[in-house]
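Asker: Sharing a model that was predicted from the sequence below.
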Amino acid sequence: MKKGSLLLLILLGLFVSVFSSFGATKKYHEIKIFEEIGSTSWICLKNGVDEARSLHVDGIFLHLNTYGGLVNYADSMRTLIINCEIPIYVFIDNNAASAGALISIACDSIYMRSGANIGAATVVNESGEKMPDKYQSYMRSTIRSTAESHGKVKKVVNGDTVETWFRDPRIAEAMVDERVVVPGIVDSTRILTFTANEARQNGYCEGIYNSIPQIIVEAFQVDDYELTSYKATAFDRLLGFLMNPVFQGILIMIIIGGIYFEMQTPGIGFALLASIVAALLYFAPLYLDGLVDVWEAVLFLVGIVLLLLEIFVIPGFGVAGIAGILCIIAGLTLSLLPNDAFDFGGVTSSSFVVALATVLASMLGSFVLIIYLTSKIGTDGMFKNLALTKSQDKEDGYVSNDVSLNAMAGKEGTTHTDLRPAGKVIVDGEIYDAVAENGFIEKNETVVIRKYEMGQMYVYKK
């Protein structure tokens, strides 16, 4: 009797579990990327995956239509997809070119609309020209390892069981380099691009469908499902714009240029305000996106402080100035990298090169802009009113300074502050602004007035 009851309970439990599995509603989440791969698409994917986790979905569909974009963001996106614990399927709605091909190959399954294409992943510059081979070499390795990440499957060929790649790495590599030959598929004269049918025949597409619901019903054999979609917010778009490498370069130019012009003018003015605002716009979105750690922002601030100390306190240009410049470059560069605190294990060489190039090119651009603006101030055009150009002649009654002070030449005084080279001196109990003619003079040193010219006292150490 007890054995019969136990058997009945087991059968009842199996019946309930089977019934509940058939009756459960499957949940899927859709993330649409219909734009160039860049900072905005990266933010949409990352936030969309986070939203999918909170909804406890069974799978994520990346609805993709793109001609490509920036390699560093594509690399970040493919890394997220490969490491995601939720299956991610891509539905190529027309195009998955260049960076889009790399992202698609990272997904667990590839589905394509009839007439869609995938491939042509050669690295090019902004003008569409092919980049040097070192860039192609890195892209070949990246797309090859992405294909290999899916592992191998067992197939029966002519009665024998053999292991083959789920996605052939050589095919992926041929999408980057026309020199790669895959017999029967592509020769050594063209970059590989698949149509939907070609991709399916060669293991780069699991099926051709017209929509994601059709994939769920026909490919997954699921009738009871719920499909939600990630809605990109205006804040996502703004954050993506602020993280765009071109805009980040402009912000770096404003930061450096603002600091320079502020040091050329007395008091705290517009230039410093512009530099502070640019620094906030540079670091804030990166901090919100999780790229910037506090220590990286502190490193940048330390660089600014060291540079200011070198200019206003420490004579000459030495260790502090060089260290300050290096800290500024390091802080700006590291803030663009997806490191975790002091762990740089997930940072690729390409992302580091792109970040460093962005910072150095922007700093160089800021110096060029500084030279240009300096030469234009006071001339015709929009810069005309930024400087006094009218001559104030003596014949018109203008007097630049008290001419009686010219008689002070030859008198002795004492430095009231360090002269580096400008500072203050005391002569006959009065404090005057003065400039050291040769080198720097410490405080409380005896000096001799060489001349008083154009409202400025020039002194030398006795």
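Answerer: Yep, it's here. Residues are numbered from 1 along each chain as shown.
Asker: drop to CA atoms for contacts and neighbour counts, all remaining ones
Answerer: OK.
Asker: Can you give me the pLDDT of the nearest residue to R144 once chain neighbours are set aside?
Answerer: If the residues on either side of it in the chain are set aside, R144 comes closest to P169, at 4.8 Å by C-alpha to C-alpha, 6 or more residues apart in numbering. pLDDT, P169: 95.
Asker: phi, psi of the residue nearest the centre of the chain?
Answerer: Geometric centre of the chain, nearest residue: L336, 4.5 Å, by C-alpha atoms, centre = their mean. Note on L336: its backbone torsions stand at phi -90, psi 0 [degrees, to the nearest 10].
Asker: what's the answer for D93, then?
Answerer: Per-residue torsions, D93: phi -100, psi 70 (degrees, to the nearest 10).
Asker: contacting residues around it?
Answerer: Residues counted as contacts of D93 (C-alpha atoms under 8 Å, 6 or more residues apart in numbering) are 63-65, 112-113, 116.
Asker: Let's see if you can find the most crowded of those.
Answerer: M112 (32 neighbours; other C-alpha atoms under 10 Å).
Asker: That one reaches N95, doesn't it?
Answerer: No - using C-alpha atoms under 8 Å, M112 is not in contact with N95, being 9.1 Å away.
Asker: thinking again about what came up before, correct me if wrong: the residue nearest to the centre of the chain contacts A355.
Answerer: Yes - between L336 and A355 there is a contact at 5.9 Å, judged by C-alpha under 8 Å.
Asker: next helix or strand past the helix or strand of the chain with the lowest mean pLDDT?
Answerer: Across the helices and strands of the chain, mean pLDDT, DSSP states H and E gives its lowest value to helix 2-23, namely a mean of 54. Using DSSP states H and E, the helix or strand that directly follows helix 2-23 along the chain is strand 26-33.
Asker: what's the longest helix seen in the chain packed up against?
Answerer: Looking across the chain with DSSP state H, the single longest helix is helix 349-376. Using 3 or more C-alpha pairs under 8 Å, 6 or more residues apart in numbering; DSSP states H and E, the elements in contact with helix 349-376 are helix 71-83, helix 245-263, helix 319-334.
Asker: what is the orientation angle of the next helix or strand after the second one with helix 319-334?
Answerer: Just to be clear, that refers to helix 245-263. Next helix or strand after helix 245-263 toward the C-terminus (DSSP H and E): helix 270-288. On the basis of axes from the mean of the first three to the mean of the last three C-alpha atoms, to 10 degrees, helix 270-288 is oriented at 50 degrees to helix 319-334.
Asker: So what touches helix 270-288?
Answerer: With contact meaning C-alpha under 8 Å, 6+ apart, helix 270-288 is reached by 239, 242-243, 248, 251-252, 254-259, 261-262, 292-293, 297, 335-336.
Asker: hmm, try it at 7 Å
Answerer: Identification of contacts with helix 270-288 by C-alpha atoms under 7 Å, 6 or more residues apart in numbering yields 239, 242-243, 248, 251, 254-255, 258-259, 261-262, 292-293, 335.
Asker: Now pLDDT, neighbour count and distance to Q214 too, for those, in TSV please.
Answerer: Output for the contacts of helix 270-288, formatted as TSV (pLDDT from 0 to 100; neighbours: other C-alpha atoms under 10 Å; distance: C-alpha to C-alpha, whole Å):
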residue	pLDDT	neighbour count	distance to Q214
L239	79	20	34
L242	80	21	37
M243	79	24	36
Q248	80	23	42
L251	85	24	46
I254	85	24	51
I255	83	24	52
G258	80	22	56
I259	76	19	58
F261	74	17	61
E262	69	18	62
V292	72	24	41
D293	77	18	44
S335	82	23	43
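Asker: Please identify which of those is nearest to V156.
Answerer: V156 lies nearest to M243 out of these, by C-alpha to C-alpha, at 49.3 Å.
Asker: separation between that closest one and W42?
Answerer: 10 Å (C-alpha to C-alpha, to the nearest Å).
Asker: follow-up on the earlier one: nearest to G423, of the helices and strands packed on helix 349-376?
Answerer: Closest to G423 of the helices and strands packed on helix 349-376, according to C-alpha to C-alpha: helix 245-263, at 15.6 Å.
Asker: The closest one versus helix 270-288: what angle between them?
Answerer: Relative orientation of helix 245-263 versus helix 270-288 (the same axes, to 10 degrees): 140 degrees.
Asker: Identify the residues contacting helix 245-263?
Answerer: Contact partners of helix 245-263, identified using C-alpha under 7 Å, 6+ apart, comprise 242, 269, 271-272, 274-275, 278-279, 282, 358-359, 362-363, 365-366, 370.
Asker: again, but for stretch 31-49
Answerer: 61-70, 73-74, 77, 99, 229-230, 232, 236-237, 240-241, 243-244.
Asker: on contacts alone, who are the packing partners of the helix or strand containing F61?
Answerer: Using DSSP H and E, F61 sits in strand 59-66. Under the contact criterion of 3 or more C-alpha pairs under 7 Å, 6 or more residues apart in numbering; DSSP states H and E, strand 59-66 touches strand 26-33, strand 88-97.
Asker: repeat that with 8 Å
Answerer: By 3+ C-alpha pairs under 8 Å, 6+ apart, strand 59-66 packs against strand 26-33, strand 88-97, helix 99-106.
Asker: Alpha carbons only: can I get that strand in CSV?
Answerer: Extracted C-alpha coordinates of strand 59-66, given in CSV (Å, rounded to 0.1, in the frame of the first residue of the first chain):
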residue,chain,number,x,y,z
GLY,A,59,15.8,35.4,-24.1
ILE,A,60,16.8,38.7,-25.7
PHE,A,61,16.4,39.7,-29.3
LEU,A,62,18.8,42.2,-30.8
HIS,A,63,16.8,43.8,-33.7
LEU,A,64,19.7,45.0,-35.8
ASN,A,65,20.0,47.2,-38.9
THR,A,66,23.3,49.0,-39.2
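Asker: which regions of the stretch 51-200 of the chain sit below the pLDDT cut-off?
Answerer: Applying pLDDT under 70 to the stretch 51-200 of the chain flags residues 157.
Asker: rewinding a little: so which of the helices and strands packed on helix 349-376 gets nearest E198?
Answerer: Judged by C-alpha to C-alpha, the one of the helices and strands packed on helix 349-376 that comes nearest to E198 is helix 71-83, at 22.8 Å.
Asker: Give the buried residues for the closest one.
Answerer: Using 16 or more other C-alpha atoms under 10 Å as the burial criterion, the residues of helix 71-83 that qualify are 71-78, 80-82.
Asker: Check stretch 191-200 too.
Answerer: 191-197, 199-200.
Asker: show me what contacts the nearest residue to L192 once chain neighbours are set aside?
Answerer: Distance criterion C-alpha to C-alpha, 6+ apart; nearest residue to L192, sequence neighbours excluded, is M175 at 4.5 Å. Listed by C-alpha under 8 Å, 6+ apart, the contact set of M175 reads 119-122, 191-193.
Asker: 10 Å instead?
Answerer: With contact set as C-alpha atoms under 10 Å, 6 or more residues apart in numbering, M175 has these partners: 97-98, 101-102, 118-122, 139-140, 143-144, 186, 190-194.
Asker: Now do the contacts for the residue nearest to the centre of the chain.
Answerer: Contacts of L336 (C-alpha under 10 Å, 6+ apart): 243, 245, 248, 282-283, 286-287, 291-292, 296, 351-352, 354-356, 358-359.
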